[in-house]
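>>> I would like to see how this sequence folds:
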Amino acid sequence: QVRLEESGGGLVQPGGSLRLSCTTSGSIYSINTMAWYRQTPGKQRDLVASIGNGGVTTYADSVKGRFTISRDNTKRTFSVYLQMNSLKPEDTAAYYCNVEGLAGLSATPFNSWGQGTQVTVSS
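Numbering: from 1, shown residues only. The predicted model follows:
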């Protein structure tokens, strides 16, 4: 079973920065896409940014130019990061890490979610 551990959320003033981290654990054969989603109470979970195996990135229009997603596959674990700059109050949400790939020696497909980390942008 592939598990994800997130960190880096918190309270920040408008215009400030935060960096979210997500690290995998478990037996992973390969990873395809790593992504960050966010959700506010009563609303659906929306894609913020994603990064494919070849490093191709996509961003929600609302965060383009302010957020940067990156991944580190050089260690025994896989990690994905979200650098968030120029934060706005409307960025306030629970942020979730999502990873898709193949697990174990049998290369079984998996799609795992982190537990979520709260980001609050407020003065």
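>>> where's the residue nearest the centre of the chain, which helix or strand?
Per CA atoms, centre = their mean, the C-alpha nearest to the average position across the chain is that of residue 36, at 3.0 Å. Secondary structure assignment for residue 36, by DSSP states H and E: strand 28-39.
>>> pLDDT averaged over that strand - what is it?
Computed over strand 28-39, the mean pLDDT rounds to 95.
>>> after that strand, next one along is what?
The first helix or strand that comes after strand 28-39 along the chain, using DSSP H and E, is strand 46-51.
>>> check which residues of that following strand are buried.
Buried residues in strand 46-51, defined by neighbour count with 16 or more other CB atoms under 10 Å: 48, 49, 50, 51. (C-beta placed from N, C-alpha, C; glycine too.)
>>> so how far is that strand from its chain's centroid?
Centre-to-centre, strand 46-51 and its host chain are 7 Å apart (CA atoms, centre = their mean, to the nearest Å).
>>> stretch 29-42 too?
The answer for stretch 29-42 is 5 Å, by CA atoms, centre = their mean.
>>> got the buried residues for that stretch?
31, 33, 34, 35, 36, 37, 38.
>>> contacts for that stretch next, please.
Stretch 29-42 is contacted by residues 20, 22, 24, 45-53, 69, 71, 73, 78, 80, 82, 91-105, 107, 116, 119 when judged by CB atoms under 8 Å, 6 or more residues apart in numbering.
>>> restricted to buried residues, select those residues in PyMOL.
The PyMOL command for the buried members of the contacts of stretch 29-42 (criterion: 16+ other CB under 10 Å) is given here:
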select buried, resi 20+22+24+45+48+49+50+51+69+71+78+80+82+91+92+93+94+95+96+97+98+99+100+101+103+116+119
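>>> now, the contacts of stretch 29-42 that are in helices?
Among the contacts of stretch 29-42, no residue falls in helices (DSSP state H).
>>> now the buried residues of stretch 29-42 as TSV including distance to residue 87?
Output for these, formatted as TSV (distance: CB to CB, whole Å):
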residue	distance to residue 87
31	28
33	25
34	21
35	19
36	14
37	17
38	12
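>>> the residue nearest to the centre of the chain bridge partners, please.
Legend: beta-bridge partners of residue 36 under DSSP bridges are residue 49, residue 97.
>>> residue 111 and residue 100 touch, don't they?
Yes. Using CB atoms under 8 Å, residue 111 is in contact with residue 100, at 4.9 Å.
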